[in-house]
Structure formats: C-alpha cells, structure tokens
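J.: Build the 3D model from these lines:
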Amino acid sequence: MITISSVIPARSRERVNHSLRRAIGLTDDPPTACDDPQRAYRSVDGVARIVHGDLPSMLVGGLASLFLEMLHPYSMAGVAQHSRYRDDPLGRVRQTAHFIGLTTYGSRDEALAAIERVRTIHEYVRGVADDGVAYRASDPRLLEWVHVAGTAMFLAAHQRFGATSLSSNQYDRYVAEQAIVGHDLGVPDPPQSVAQLRDVLEGFRPELRLSEDAIAARDFLVRGVVHGARQRAAYALLVRSAFAVVPNWGRRLLSVPTPTAPTQLAIDGATRALGAIMRVAVPPYQGHDASVNPPSTTTT
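T.: All right, here's what the predicted structure looks like:
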C-alpha cells in the first residue's frame, strides 16, 4: 500500500519534523524511551504511550487543558502571579512537553526526578487570589484539579482526533496510568477510570469561574504567539478544535460560543486533515498492543 510517508524521502521528513517541532516551541529532542520493563516508570506497553505519542491530538488536548484549568480561580492565580507565560509562552510548552515525555516514556529515576522538581516548585507558588483567599499550588485539591483537567482533555482530544481508535477499556487504562503520575505529584486519590474522572470533574464545577486573570489568559491563548500566515491559520484551527473538546459547561464558563453543527463538522474535518499531514513528519507512537486499530473516520 502506497502512503504519503512512503513517497517522501526520509531526509525531507526529518527536516519537516524539526521545523514543525520548532514552530510549536519544542526545540529539544524528545526523551529517549525506556523500553526496559524493570526500569521504566510506566508500563512499556501502556496506553499512555499511545495517547501521548500522537502529536496532533496532544496539541489539541494541551490547549484544551489550559482553557479548562484556567477556570479554577486559585489555579489561575498561581499561573498569573508566578509564571512568565506572557513573556515566554513557548518556554512553558517546552517544560510541559519535557515533563510529559519523561513521565510517559522515561525510566523510573528520570520520571521521579522530574516529578520532584515540579513538587519543589509548587512549594514556592502561593499567594492570595482575587477574592482574598490564600492559595498554594501544593494544595492537594488544586493538584487534583490540574490532574483531572489535563487527563480529561488529553483523553477527549485523542477520542476525537487521535491517530488510532482505542476501546473504552483502554481509555480506562489510560486514566489509571495517569493516576500514577497524579499520585506521585501529591493527588491523594486520583480517579482510576473514565467514569470516576467524569465524576471528579463534575464535583469541581461549583468552584469554577472565569476570573479576570482567566479572561486575560484565555484571550492571550486565542491570539497565539506563532508567526507566519500558515502557522497562524493552523494554530487558529487547533484552538477551535480545543474548544470543541472542552465540556459544554466549560465553554459556557469561558464565554466561548458553540459553533453550528455544519461549522463544527468542517472544523473537525480540517483538523483531521492537518493531523494527517503532521503525522507524516512526526509519526505517532505505535505501541505494542495489537488491538489498537486505525480509526475508521480518519483519512490518511
């Protein structure tokens, strides 16, 4: 079978790979995967390696997680008061991607060292939110919010735009695998299944609102920091796709209008096409599970 990647020289694919990664702020090479089951932090045939190894859906899920996370006023206050996301937004992308890479594909020693660095930083992130309430990033409740928001959005993005179709049992495995990282970061009882994940998210709703800091962050993310007409068009598409995987109640809190059904179909189709092109340069992680099949809705 002739595919797009088979007719493009490997050297050309490599150049596009590096160019694409630089455009989204990933200037460093990804961590080398640890395939030794005795040394790996997580299962070498786990679902997380498949979900996190698909760049297009991870970009959508990453943006969606940022939009959802900013709805917790204390989490957002920590970002606004202690991060440099406006001055160096791609730097934060690099740090987050490196952390996900190490805790997904790295050895136990590498992953635990990365987790310990994050926990140390969290100890210094504290202050007072806009309602006068003191917050600290090491608060288990805030750690749980960031954990479930990120897990839910990466899962939803893969379900909608991933390179492969996974079963409901495999997505439950993904949530359980994510719980390993959440627990080591300080979440006392992270959800172990998709149903539990949804219940925990639902339980956070009374705490969520669009603060002034969140409005500024939302608008900053929507504008983006990429340069060039093509990059800006692709980024705008990814933002609209990110909003599509945010829960309906999250979009309402973000004051983001829901597109009409025909418009959303067009957005989904364009995002899948963009993803197919990106995967030529950055192929998805195939994994070791023979039950993983290509999705019937994706054109390659």
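
J.: Report the separation between residue 284 and residue 71.
T.: Using CB to CB, to the nearest Å, residue 284 is found at 30 Å from residue 71. In short, each C-beta sits where N, CA and C put it, glycine included.

J.: swap that for residue 39, please
T.: In terms of CB to CB, residue 39 sits 38 Å off from residue 71.

J.: Tell me which of residue 284 and residue 71 has more neighbours.
T.: Using other CB atoms under 10 Å, the more surrounded residue of residue 284 and residue 71 is residue 71, with 24 against 20.

J.: Which of the three states applies to that one?
T.: What DSSP: H, G, I helix; E, B strand; the rest coil gives for residue 71 is coil.

J.: Pick out the residue closest to the middle of this protein.
T.: residue 62 (2.9 Å; CA atoms, centre = their mean).

J.: Can you report phi and psi for that residue?
T.: With angles defined as degrees, to the nearest 10, residue 62 sits at phi -60, psi -50.

J.: Secondary structure element for residue 231, which one?
T.: Residue 231 is located in helix 229-245, with elements delineated by DSSP states H and E.

J.: List the buried residues in the helix or strand just after that helix.
T.: The helix or strand immediately downstream of helix 229-245 is helix 248-254, counting by DSSP H and E. Neighbour-count burial for helix 248-254 flags 250, 251, 253, 254 (criterion: 16 or more other CB atoms under 10 Å).

J.: following the helix or strand hosting residue 203, which helix or strand shows up next?
T.: Using DSSP H and E, residue 203 maps to helix 194-204. Sequence order places helix 212-223 as the next helix or strand after helix 194-204, per DSSP H and E.

J.: quick check: angle from that next one to helix 229-245?
T.: Going by axes from the mean of the first three to the mean of the last three CA atoms, to 10 degrees, helix 212-223 is angled at 130 degrees with respect to helix 229-245.

J.: Now do helix 212-223, average pLDDT.
T.: Per-residue pLDDT over helix 212-223 has a mean of 95.

J.: can you pull the buried residues of that helix?
T.: Under 16+ other CB under 10 Å, the buried positions of helix 212-223 are 213, 214, 217, 218, 221, 222.

J.: What lies in contact with that helix?
T.: 63, 66-67, 70-71, 73, 76-77, 79-80, 85-86, 89, 130, 210, 239, 254 (CB atoms under 8 Å, 6 or more residues apart in numbering).

J.: 6 Å instead, please
T.: 70, 76, 80, 239 (CB atoms under 6 Å, 6 or more residues apart in numbering).

J.: And stretch 117-127, by the same measure?
T.: Counting by CB under 6 Å, 6+ apart, 78, 81, 82, 136, 137, 138 sit against stretch 117-127.

J.: Drop anything exposed from those residues.
T.: 78, 137, 138.

J.: What is the nearest of the residues you listed to residue 113?
T.: Of all those, residue 113 sits closest to residue 138, with 18.0 Å by CB to CB.

J.: That closest one: what secondary structure?
T.: coil.

J.: Can you tell me the closest non-neighbouring residue to it?
T.: With CB to CB, 6 or more residues apart in numbering as the criterion, residue 138 has its nearest non-adjacent residue at 4.4 Å, and that residue is residue 122.

J.: pLDDT and distance to residue 270 added to the buried ones among the contacts of stretch 117-127, as CSV?
T.: As requested, the buried ones among the contacts of stretch 117-127 are exported to CSV (pLDDT from 0 to 100; distance: CB to CB, whole Å):
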residue, pLDDT, distance to residue 270
78, 97, 35
137, 97, 37
138, 97, 41
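
J.: And these, which is closest to residue 243?
T.: Using CB to CB, the buried ones among the contacts of stretch 117-127 come closest to residue 243 at residue 78, 23.2 Å.

J.: and that closest one, what element?
T.: Here residue 78 is assigned to helix 73-82, by DSSP H and E.

J.: try residue 43
T.: Applying DSSP H and E, one finds residue 43 in no helix or strand.

J.: do residue 142 as well
T.: Applying DSSP H and E as the criterion places residue 142 in helix 140-161.

J.: burial count for residue 33?
T.: With other CB under 10 Å as criterion, residue 33 counts 16.

J.: Nearest spatial neighbour of it, chain-adjacent residues omitted?
T.: Residue 33 sits nearest to residue 105 (CB to CB, 6+ apart), 4.0 Å away.

J.: What about that neighbour, how many residues nearby?
T.: Residue 105, neighbours per other CB under 10 Å, totals 25.

J.: try the one 10 residues further on
T.: A count of nearby residues for residue 115, using other CB under 10 Å, gives 19.
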